[in-house]
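> Mind looking at a prediction? Sequence and model below.
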Amino acid sequence: MLRKSRLRRILTSATLFFVVVVPTSYAQDTAPLFSTPAGRSTTGAPILINPENQGNGAVQRFLNDRAQSQRPSDPVASNRQKRENASQPQDVVNNSSKTFDDWELQCIDHPKGDRRCQIVGNVLSADKKQAVLVMSLAPSADAATILIQMAVPLGVAVQQGVKIEIDKSYSGSMPISRCTPQGCLVEGAVPTKMIAAMIAKPKASIEVTTPDGKSVPISLSLKGFGGAYEAVTDRGKSSP
């Protein structure tokens, strides 16, 4: 019992740490139960790279570079980063983004003309200093389905998964597939009914559960989602 109690305290106090910068923001009315500094908040883009190899991929390097650009200058670290970048394959020729109210379209271009895009929405605390949740969606490689990766903080009850409610138009749940040092991730294909509700409605409620069984709803703005979704399903051909 003592060991279980100590583990619960550790999980409850754990904070979520993401590597790159959140592009858009939406304020949560109440202070988050679990949180992380907003300047370090987002999922990155594991949807667009091999999830078994989280440190690789052009998208991840692109987003890490964005985060690095917002940190204080460090000449030694900067020179080291330049050497590391020079040793990596230069397989991205361009990256771009476009804001749709509370959502953002992010795209990268490869030398052979392959463009890969995702859309990102997130939730911040009322003072915008803490990140609560980040959701990314992208077409599958064959464009047949839409994939989701939603990051929720470390310290939630993983076995409970998350519950998604969209303004009385959609109700469903998704399991938490895995946890990394960057947070716990919900991953999979998005039901078409969920997409339709996200386009039609102004907000969604994402409910997580604490280790002691308390439900915590997180309100996610869907303002701009329709435009962002239309852009990403066009594979970013209408360039950001």
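Sure thing, it's come through. Residues are numbered from 1 along each chain as shown.
> Distance check, residue 230 against residue 107.
Residue 230 sits 14 Å away from residue 107, taking C-beta to C-beta, to the nearest Å as the criterion. Where C-beta positions appear, they are placed from N, C-alpha and C, glycine not excepted.
> So those two - more neighbours on which side?
Here residue 230 and residue 107 are compared on neighbour count by other C-beta atoms under 10 Å; more neighbours surround residue 107, at 24 against 14.
> show me where the chain has strands.
Applying DSSP state E to the chain gives strands spanning 36-37, 94-100, 103-109, 115-124, 130-139, 146-152, 162-166, 170-174, 178-180, 183-189, 203-209, 215-221.
> The last one vs strand 103-109, what angle?
Taking axes from the mean of the first three to the mean of the last three C-alpha atoms, to 10 degrees, strand 215-221 and strand 103-109 form an angle of 70 degrees between their directions.
> Renumber starting at 42 from here on
Taking 42 as the first residue, the last one we looked at is strand 256-262.
> Convert the C-alpha atoms of strand 256-262 to PDB, please.
The C-alpha coordinates for strand 256-262 follow below in PDB (Å, rounded to 0.1, in the frame of the first residue of the first chain):
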ATOM      1  CA  SER A 256     -12.700  13.200 -14.300                       C
ATOM      2  CA  VAL A 257     -11.100  16.300 -15.700                       C
ATOM      3  CA  PRO A 258     -12.800  17.900 -18.900                       C
ATOM      4  CA  ILE A 259     -10.600  20.000 -21.100                       C
ATOM      5  CA  SER A 260     -12.300  22.400 -23.600                       C
ATOM      6  CA  LEU A 261     -10.700  22.500 -27.000                       C
ATOM      7  CA  SER A 262     -11.700  25.300 -29.400                       C
END
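> show me where pLDDT drops low in this protein?
Along the chain, the parts satisfying pLDDT under 70 run over 42-134, 171, 223, 276-281.
> Tell me what the nearest residue to residue 212 once chain neighbours are set aside is bridged to.
Spatial nearest neighbour of residue 212, excluding adjacent residues (C-beta to C-beta, 6 or more residues apart in numbering): residue 206 at 5.3 Å. Beta-bridge partners for residue 206, by DSSP bridges, are residue 212, residue 246.
> Which residues are in contact with residue 206?
By C-beta atoms under 8 Å, 6 or more residues apart in numbering, the contact list for residue 206 reads 212, 245-246, 248, 258.
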